[in-house]
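S.K.: return a 3D structure for these sequence lines:
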Amino acid sequence: MALLQDELKVTNMEELLGMKLSLPSYQRPYRWSVKSTNTLFLDTYHAYQEGITEYRIGSVILHKENDKYNVVDGQQRLTTMSILLYCLGVEDQGLLREKYNQLSNDAIVTNFDILSKRISELAEDERSKYKEYLLRNCSTVRIVTDSEQEAFQFFDSQNSRGKELKPHDLLKSYHLREMEDEEEQQKVRIINQWENVNEDVLNELFKTYLYPLTQWYKGKDGLGYSTSKIDIFKGIKTTNVFNYAIYHKASNLFIEQFNANGSSELLASKALNQFQLTQPLLAGKRFFNYTLHYRNLLEQVQKLIQKVHKKEQIPSRRTGDLYVKQLYECALLFFADRFGIETLPNGVMQQLYTWSYSLRLTMDAVYMETINKYAQGEHKRVNNGLDLFSKISEMNHAEDLKLIVLEKPNMENKNIEKYKAVYDLLCEWNRW
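M.R.: Model (predicted):
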């Protein structure tokens, strides 16, 4: 199984879209924005007007399976090009007959409306010439392999150069490769759940919460999450047979089977938790479950904050305010991950709020670098030497948090006035 050299070629749109293209079940929804769609129209139309002999729209990666070609990379561009050609009267568009979910259908209809308006602005003769230009002069590099796994590898290498994909896109591709032995129905179910989460939410989850937390408890730098720092989320490969890997694979399998049986009295109230931020995850389907688990846990934490605190006690007018709020959410998330969400209201929130917002009262300006140093116990102005996340990771009981003595912050009068609700709550909770 390898790259099909005889099918590696530069192909125009007429030939490419005339192939039996298929969208595999794991593909993300069609989400091209109105702006991106309009840009494709403008770029190709200007190329036509300027008489550019060949307009290249990048490359596509296809997985050949029997007589069809699964689109691994290039779906968004090809679908948009199909919509554009449909608006120009080329109605036989195979990709548009594929089964899309509601999110994709909505985007297709919206972009169809936009492109229809743009095409209606052209004279009839101009439309015909522009259509021929799209079919004959717009081209792409066609990469075809007969191995789904190799297609994903090409996807990774293509997108780790030039225009950088978001880290979670590359993680999705990596973990899909690790699901080679999973049933197709299982893949569809998991990927559908993943794709129903907004991309910005996924990006924020990893960048602001999961990556920093997996670093801070080890006393490491939690800044700069990017595609070059995704290895920590690749987890233990399914083929790994070292002792530590066997232990974690067995642990996950035991919990999954235990939860599936549902017969134990221990499961009367809730299922056993499968994930811990201080433990490695397993590659493949469990990565997607891991992501959804922490997305849901973070939502619970955020709802609890809204329930417990008044709005003025969680200021958010300045950028520094948002950083401190996120630090507070990180602290609650990490504690809930270790001891359970039900442990938070029992005095824990008071301690973690005090630790988080002491920084806000101490510092007039708070930056991400400020948060990063404080989380590692390296901030000079308040609670210096207290690496809170490391301490939590070593605790055996939730009550141990209350044994940590926090410094009373050296507050400036202007900060007390600016954040009076925060100051009053800290004084009440800590009897300052």
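
S.K.: burial of residue 239, as a residue count?
M.R.: As a burial measure, residue 239 scores 8 neighbours (other C-beta atoms under 10 Å). From N, CA and C alone the C-beta is placed, and that goes for glycine too.

S.K.: secondary structure class for it?
M.R.: Judged by DSSP: H, G, I helix; E, B strand; the rest coil, the three-state class of residue 239 is coil.

S.K.: quick check, residue 38 in contact with residue 118.
M.R.: Yes. Distance between residue 38 and residue 118: 7.2 Å, which falls inside the contact criterion (C-beta atoms under 8 Å).

S.K.: may I see the buried residues of the lengthiest strand in the chain?
M.R.: In the chain, taking DSSP state E as the definition, the longest strand is strand 55-65. Neighbour-count burial for strand 55-65 flags 55, 57, 60-64 (criterion: 16 or more other C-beta atoms under 10 Å).

S.K.: now for the following helix or strand past that strand, which elements pack on it?
M.R.: Beyond strand 55-65 on the C-terminal side, the first helix or strand identified by DSSP states H and E is strand 68-73. The criterion is 3 or more C-beta pairs under 8 Å, 6 or more residues apart in numbering; DSSP states H and E, and the helices and strands that strand 68-73 contacts are strand 21-22, strand 55-65, helix 148-159.

S.K.: so what strands line up beside strand 68-73?
M.R.: Each strand that strand 68-73 pairs with, and the sense of that pairing, follows from DSSP bridges: strand 21-22 (parallel), strand 55-65 (antiparallel).

S.K.: so how far is that strand from its chain's centroid?
M.R.: On the basis of C-alpha atoms, centre = their mean, to the nearest Å, strand 68-73 is displaced by 23 Å from the centre of the chain it belongs to.

S.K.: heading C-terminal from it, find the next helix or strand.
M.R.: On the C-terminal side of strand 68-73, the closest following helix or strand by DSSP H and E is helix 75-87.

S.K.: and the angle from that following helix to strand 68-73?
M.R.: Angle between the axes of helix 75-87 and strand 68-73 is 120 degrees (criterion: axes from the mean of the first three to the mean of the last three C-alpha atoms, to 10 degrees).

S.K.: what about helix 75-87, average pLDDT?
M.R.: Mean per-residue pLDDT for helix 75-87: 92.

S.K.: who's in contact with it?
M.R.: Identification of contacts with helix 75-87 by C-beta atoms under 8 Å, 6 or more residues apart in numbering yields 13, 16-17, 21, 23, 27-28, 30-32, 36-37, 40-41, 44, 57-58, 60, 71, 93-96, 108, 111-112, 115-116, 119, 131, 134-135, 138, 140.

S.K.: now do 7 Å
M.R.: By C-beta atoms under 7 Å, 6 or more residues apart in numbering, the surrounding residues in contact with helix 75-87 are 13, 17, 23, 27, 30, 32, 37, 40-41, 57-58, 60, 71, 93, 95-96, 108, 111-112, 115-116, 119, 131, 134.

S.K.: ok, now stretch 310-325?
M.R.: Among residues not part of stretch 310-325, those counted as contacts by C-beta under 7 Å, 6+ apart are 305, 356-357, 359-360, 365-366, 368, 371, 419, 421-422, 425.

S.K.: in helices only, show me those.
M.R.: Using DSSP state H, the members of the contacts of stretch 310-325 that fall within helices are 305, 356-357, 359-360, 368, 371, 421-422, 425.

S.K.: make CSV from those and add neighbour count and distance to residue 401 to it.
M.R.: As requested, the ones in helices among the contacts of stretch 310-325 are arranged in CSV below (neighbours: other C-beta atoms under 10 Å; distance: C-beta to C-beta, whole Å):
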residue, neighbour count, distance to residue 401
305, 18, 17
356, 23, 13
357, 24, 16
359, 24, 17
360, 27, 20
368, 17, 25
371, 23, 20
421, 14, 24
422, 25, 20
425, 19, 18
